[in-house]
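*Asks:* missing the sequence, but the structure's below:
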């Protein structure tokens, strides 16, 4: 599924700005990644730094930092959590976030509260698709995958 050439996956959860996606894992942890919109806005990603495993991160504080040729900034955290792991593949090859933004997770976290509470403020399914497409059109974001 796509909008303005930007890939979208309805089974995932999204923050209100559609910067990050959230996927619930079988072990109760949550994977956090960048959306196609975000990787397009950022440009070629050059460096990823994830907070140390075991670190408690309050909602709104970054779980990671991304650097690209034109931007450096946080990967926001939508709920209180503890960092469980960084994706070693992304740390070794940050451009994976450009090539496969929905396959390349950045960090795994464990929600501090219940999983249900953590997901309450996120959007999924048709509502997420509508918001994602609205942002892509409003800001005229046309997703492209940079050459490796």
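*Replies:* Sure thing, it's come through. Small disclaimer: the values here were computed from a predicted structure and weren't measured. Numbering: from 1, shown residues only.
*Asks:* What lies in contact with stretch 3-10?
*Replies:* Contact partners of stretch 3-10, identified using CB atoms under 8 Å, 6 or more residues apart in numbering, comprise 1-2, 21, 35-37, 40, 101-102, 124-126, 128-129, 132-133, 136-137, 140-144. C-beta coordinates here come from the backbone N, C-alpha and C atoms, glycine included.
*Asks:* Show the buried residues in these.
*Replies:* Neighbour counting by 16 or more other CB atoms under 10 Å classes 21, 35-37, 40, 101-102, 124, 128-129, 132-133, 136, 141, 143 among the contacts of stretch 3-10 as buried.
*Asks:* which pair in the residues you listed spans the largest distance?
*Replies:* 40 and 124 (21.3 Å; CB to CB).
*Asks:* The worst-scoring helix or strand of the chain on mean pLDDT pairs with which strands?
*Replies:* The helix or strand of the chain with the lowest confidence, counting by mean pLDDT, DSSP states H and E, is strand 2-3 at a mean of 88. According to DSSP bridges, strand 2-3 forms sheet pairs with strand 6-7 (antiparallel).
*Asks:* Beyond the strand it pairs with, next helix or strand please.
*Replies:* Downstream of strand 6-7, the first helix or strand assigned by DSSP states H and E is strand 13-14.
*Asks:* any idea how far that next one is from the chain center?
*Replies:* 9 Å (CA atoms, centre = their mean, to the nearest Å).
*Asks:* got it, and stretch 48-60?
*Replies:* For stretch 48-60, the distance to the chain centre is 14 Å (CA atoms, centre = their mean).
*Asks:* how about low-confidence regions in this structure?
*Replies:* Filtered on pLDDT under 70, the chain yields the residue ranges 146-148.
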